[in-house]
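Visitor: Any chance you could fold what I've pasted below:
(chains A and B)
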Protein chains: 2
Amino acid sequence: MQNQKLYLYNTLTRKKELFTPLNPPFVGMYVCGPTVYNDVHLGNVRTFISFDVLFRYLKHLDYKVRYVRNITDAGHLEDDSDEDKISKRAVLERLEPMEIVQKYTVSFHEIMRIFNVLPPSIEPTATGHILEQQEMAMQILKNGWAYEVNGTVYFDVEKFAQHYDYTALTGRNLEELLNNTRELEGQDEKRGRLDFALWIKAKPQHLMQWNSPWGKGFPGWHIECSAMSTKYLGEQFDIHGGGMDLAPTHHTNEIAQNIAYCGKQPARYWLHTNMLTLNGKKMSKSLGNVVLPLELINGTNPLIPKGFSPSVIRFFMMQTHYRSTLDITLDALNAAEKGYQRLIESFELLTTLKPAESSSIDIQAFRQKCYDAMNDDLNTAVLIAELFEIAKWINKANEGQVQLSAKDIEELKKLFNDFFYEILGIPQRDANNDAVLQKLKALVEIVLEIRSEAKKNKNYTLSDAIRNKLESIGIVIKDTAEGTRWSMK
Amino acid sequence: MQNQKLYLYNTLTRKKELFTPLNPPFVGMYVCGPTVYNDVHLGNVRTFISFDVLFRYLKHLDYKVRYVRNITDAGHLEDDSDEDKISKRAVLERLEPMEIVQKYTVSFHEIMRIFNVLPPSIEPTATGHILEQQEMAMQILKNGWAYEVNGTVYFDVEKFAQHYDYTALTGRNLEELLNNTRELEGQDEKRGRLDFALWIKAKPQHLMQWNSPWGKGFPGWHIECSAMSTKYLGEQFDIHGGGMDLAPTHHTNEIAQNIAYCGKQPARYWLHTNMLTLNGKKMSKSLGNVVLPLELINGTNPLIPKGFSPSVIRFFMMQTHYRSTLDITLDALNAAEKGYQRLIESFELLTTLKPAESSSIDIQAFRQKCYDAMNDDLNTAVLIAELFEIAKWINKANEGQVQLSAKDIEELKKLFNDFFYEILGIPQRDANNDAVLQKLKALVEIVLEIRSEAKKNKNYTLSDAIRNKLESIGIVIKDTAEGTRWSMK
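Guide: Numbers count the residues shown, from 1 in each chain, chains lettered A, B, ... in the order given. Predicted coordinates for the structure are as follows:
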């Protein structure tokens, strides 16, 4: 299947480019993961779902993908006691950052599981790679692109910018950037105002610190991704992704670090997901309009006062291209819920559709249209539109307006399974629950048969009693010209 | 609630001792976790469930527990190519141990989730603490209890044994131990035959290696637990646990390392879980009688050809004390399933029981009996027997033989919730699934009413049709003197 031509928008070149891996069939992909000191933000969930779709699509195209998504667990918590008190306190009585890390890592994994995001191939942690980060900082220092002041190692951005295009990723003007950055103050250790730390000297009250060639300290914010991508994917790899807010600083500095370390720009394709808004506004704690992933599912946040299943939420996100802003509103979620249901119901018709001798429509092109949507920079919005288009034809077949052969029915089932469940990764409902639900549906049909028989025999006492009893347990029936329909509250 | 006197069997002293934490209300507990290079063994699952019960009980007693359970992810995979080929191969083409680690860590967490094992407070990895392990080895070397040969650092067991009781944990005779260990061979670097490595020099083809003061290498098997327990719980903490197979070597060496490092025996209470057998035999790959946790649930292993819910399996394990051998047989699992169902049904009667003005039995002692069982070295087998005893009285109340007041009914509900769900940690069935199941049950009752009405009206055609239709969807009904009973296949 690798003959599909996949185009991806590369932030670095600002255009869509044909994806060609460095070393096919292998693909190396790195995505900046969560910081596990608080609940994962819905915007991050969108980012991880977006790259999950890319991961799934590459695997569908038979690439051997090594997908690395890190966990940023090196935090900056401080003990507010003075140095003397800290050293006297028993280890168990001290706040332990790794307990916080564990709590939010567990809840992050739970959210990923609920939204059917596949675990990456490797999920390295910053604290798990202290040695590697120290060694990279040491090499950058040796190569002359960094300097040490008083136990802290700084990257020399202005020197770097004289030799390389520091702002290559975003295309910003370096002069303007410098002018917009505050002047160094007297006590500042840094030489240049854009310089950033590779390794930071720790104060005694800093709760996470490690021995290093420069004394006790902890890694700077950017070095972990350079160290871990290099370790697991090599000095050059295929795809680097993250939220677009990371491009101007974190990713820009990551590129500078890698070049300073080994002379190579690390990734060939840089992909960035766009932001998420709520009712047209940026979500932020200061605006008080943050909705957490679980609140969206449980309907416990007054800003979106209704719960939606993870399947509907993921479907809703997929209806917007990853490089467009995604606006969350109750109306849009309700519409997505209806659309999701309609799509599922149409494709479910395939299981009961009576096959014809031959098809009166040509369904061969359907699959390629789905691929075309994905090949166009993962346009999941267009893909879903294609699926709705196919659903229309299935409905027509159900109404007898067109015919589908047994083989084509199977083809369409497979198409839906491939694109809806495997590639878009929409969570399937729980199988065990489904078994009970199937039994319940079958039993309702039996009861409706008994009722219909009773009506035929003019036993209206029984048929009315059945209607009332069903209603009492939340099953509502409606007699129509085409027979009895029922729904469940 | 801390007035409960908890006694724990301490392997170190070979008796049950009153549990008194070093630093109440804090409790530090360390348990040796899984090696993530293959599927977790059912015996390990039992161990982690056993310590989960201890964790839950300590929390129930209002202790502030820091529970550390590590992940052993530093593996010993080698590349079978020669040195030259390894260095030329692209990173992506090389086997990456961390991919294997990720696969089995994810599946381990999934198994723990299914069996309702709470995540520990901290879950540190061996690869995440290379620096700490190097620093501990360095200190042991400085303290004179280890020696370096050619890039490998060995612990000097015989020297240690001259000053400390090396076999304190198991009480084995050191002379015998020495006699049963093979003689050193000519090319052996070790000085003594019981010596073990703290740090191991890596061959070039070794896939996991780190720089160290002794050149490139990787940590020995035992040092990670000493380094991580010391980092997160301090040089001395309360409880150390693991499977009993770990006591003679891993835990014995851990104690030696800690004493050599700082002069202190690390944990006050050493707890060990007993082994698990299948149909009376040790499970082992060579005997071909290994049943995996998921196979037990899905019923896909011919040795136990029926699936059991995680709730039943955990209940079954709890019926044996953690220090006794647990024998898995189909008969025993079937019996546990029946017992589990009977217990649940009795306690469910509490929701429909009509309260009396006052109780005719004294239920105050019930709760203390449950505590007494747990306080006696976590005797979950006795606890379950107590719950069955209480169930008898609930059944009597249901039959009108004894009375229970509204307050006592609530007390009993709380007791069951506390001991069965919170402390024993039996997984509750899925709530969503339960809602559909409740609807299905209600609908079956409606259908049975219709049938009973039909029989009363001598409409046997209808009553027989209903019986047959229900059977066709797997619902079997049985007319008895007390009315119609039904069951679901």
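Visitor: And chain A, what are its domain boundaries?
Guide: As assigned by automatic domain parsing, chain A contains the domains A:7-273, A:290-423, A:434-488.
Visitor: can you put the ones you listed in a markdown table and add mean pLDDT?
Guide: Below are the domains of chain A laid out as a markdown table (pLDDT from 0 to 100):
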| stretch | mean pLDDT |
| --- | --- |
| domain A:7-273 | 94 |
| domain A:290-423 | 95 |
| domain A:434-488 | 83 |
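Visitor: For residue B:214, find the nearest of those domains.
Guide: With distances scored as Cβ to Cβ, the stretch of the domains of chain A nearest to residue B:214 is domain A:7-273 (14.0 Å). Bear in mind the C-beta positions are built from the backbone N, C-alpha and C, glycine included.
Visitor: quick one: the closest one near chain B?
Guide: Yes: using Cβ under 8 Å from any Cβ of the partner chain, we find that domain A:7-273 touches chain B at A:22-23, A:26-28, A:66, A:90-93, A:96, A:98-99, A:101-102, A:106, A:109, A:119-125, A:127-128, A:130-131, A:135, A:210-211, A:232-234, A:237.
Visitor: Would you mind checking the residues you listed for buried ones?
Guide: A:22-23, A:26-28, A:66, A:91-92, A:96, A:98, A:101-102, A:106, A:109, A:119-125, A:127-128, A:130-131, A:135, A:210, A:232-234, A:237 (16 or more other Cβ atoms under 10 Å in any protein chain shown).
Visitor: one step back: most packed of the domains of chain A?
Guide: Greatest average neighbour count among the domains of chain A goes to domain A:7-273 (a mean of 19), per mean count of other Cβ atoms under 10 Å in any protein chain shown.
Visitor: now the end-to-end length of it.
Guide: Domain A:7-273 has an end-to-end distance of 16 Å (Cα to Cα, to the nearest Å).
Visitor: next one: it to chain centre, how far?
Guide: Distance, stretch centre to chain centre, for domain A:7-273: 18 Å (Cα atoms, centre = their mean, to the nearest Å).
Visitor: wait, doesn't residue A:425 sit right on residue A:54?
Guide: No: using Cβ atoms under 8 Å, residue A:425 makes no contact with residue A:54, being 10.7 Å away.
Visitor: For these two, list the residues in contact with both.
Guide: Common neighbours of residue A:425 and residue A:54 are not found (criterion: Cβ atoms under 8 Å, 6 or more residues apart in numbering or on different chains).
Visitor: And residue A:85, which helix or strand is it part of?
Guide: When elements are assigned from DSSP states H and E, residue A:85 belongs to helix A:83-88.
Visitor: got the angle for the helix or strand following that helix vs helix B:97-114?
Guide: Using DSSP H and E, the helix or strand that follows helix A:83-88 towards the C-terminus is helix A:97-114. If you take axes from the mean of the first three to the mean of the last three Cα atoms, to 10 degrees, helix A:97-114 sits at 80 degrees to helix B:97-114.
Visitor: Now do the helix or strand just after helix A:97-114: which elements does it pack against?
Guide: Going down the chain from helix A:97-114, the next helix or strand is helix A:130-142, by DSSP H and E. Under the contact criterion of 3 or more Cβ pairs under 8 Å, 6 or more residues apart in numbering or on different chains; DSSP states H and E, helix A:130-142 touches strand A:146-149, strand A:152-155, strand A:196-201, strand A:217-219, helix A:223-233, helix A:252-262, helix B:130-142.
Visitor: And the contacts of helix A:130-142?
Guide: The contact list for helix A:130-142 (Cβ under 8 Å, 6+ apart) reads A:126, A:146-148, A:153, A:155, A:198-199, A:210, A:212-213, A:219, A:223-224, A:226-228, A:230-231, A:257, A:260-261, B:130-131, B:210-211.
Visitor: The same query, at a cut-off of 6 Å, please.
Guide: Residues outside helix A:130-142 that contact it (Cβ atoms under 6 Å, 6 or more residues apart in numbering or on different chains): A:146, A:153, A:198-199, A:210, A:212, A:219, A:223, A:227, A:231, A:260-261, B:130-131, B:210.
Visitor: Stretch A:393-403 now?
Guide: By Cβ under 6 Å, 6+ apart, stretch A:393-403 touches A:346, A:349, A:356, A:359, A:360, A:361, A:404.
Visitor: Nearest to chain B among the residues you listed?
Guide: Closest approach between the contacts of stretch A:393-403 and chain B, by Cβ to the nearest Cβ: residue A:349, at 22.1 Å.
Visitor: Is that closest one in a helix, a strand, or coil?
Guide: Recorded secondary structure, residue A:349: helix (DSSP: H, G, I helix; E, B strand; the rest coil).
Visitor: gap between the residue nearest to it when sequence neighbours are not counted and chain B?
Guide: Distances taken as Cβ to Cβ, 6 or more residues apart in numbering or on different chains place residue A:398 nearest to residue A:349, at 4.8 Å, with adjacent residues excluded. With distances taken as Cβ to the nearest Cβ, to the nearest Å, residue A:398 is found 25 Å from chain B.
Visitor: and the gap between residue A:398 and residue A:308?
Guide: As judged by Cβ to Cβ, to the nearest Å, residue A:398 and residue A:308 stand 28 Å apart.
Visitor: what does residue A:51 give?
Guide: From residue A:51 to residue A:308 the distance is 22 Å (Cβ to Cβ).
Visitor: Ok, residue A:317 next?
Guide: Using Cβ to Cβ, one gets 11 Å for the distance from residue A:317 to residue A:308.
Visitor: next one: residue A:208
Guide: To residue A:308, residue A:208 is 38 Å away according to Cβ to Cβ.
Visitor: Now flag whichever of the contacts of helix A:130-142 is closest to residue A:375.
Guide: residue A:231 (31.5 Å).
Visitor: could I have whichever strand or helix holds residue A:391 exported to CSV, CA atoms only?
Guide: Under the criterion of DSSP H and E, residue A:391 resides in helix A:380-398. Provided in CSV are the C-alpha atoms of helix A:380-398 (Å, rounded to 0.1, in the frame of the first residue of the first chain):
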residue,chain,number,x,y,z
THR,A,380,-9.8,14.0,8.0
ALA,A,381,-12.6,16.6,7.5
VAL,A,382,-12.7,15.7,3.8
LEU,A,383,-12.4,12.0,4.6
ILE,A,384,-15.5,12.2,6.8
ALA,A,385,-17.3,14.0,4.0
GLU,A,386,-16.4,11.1,1.7
LEU,A,387,-17.8,8.6,4.2
PHE,A,388,-21.1,10.5,4.4
GLU,A,389,-21.2,10.5,0.6
ILE,A,390,-20.7,6.7,0.6
ALA,A,391,-23.4,6.4,3.3
LYS,A,392,-25.8,8.0,1.0
TRP,A,393,-25.3,5.3,-1.6
ILE,A,394,-25.8,2.6,1.1
ASN,A,395,-29.1,4.2,2.1
LYS,A,396,-30.1,4.2,-1.6
ALA,A,397,-29.2,0.5,-1.8
ASN,A,398,-31.3,-0.1,1.3
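Visitor: from the stretch 251-400 of chain A, which residue is nearest to chain B?
Guide: Here the stretch 251-400 of chain A gets closest to chain B at one residue, residue A:309, 10.0 Å apart by Cβ to the nearest Cβ.
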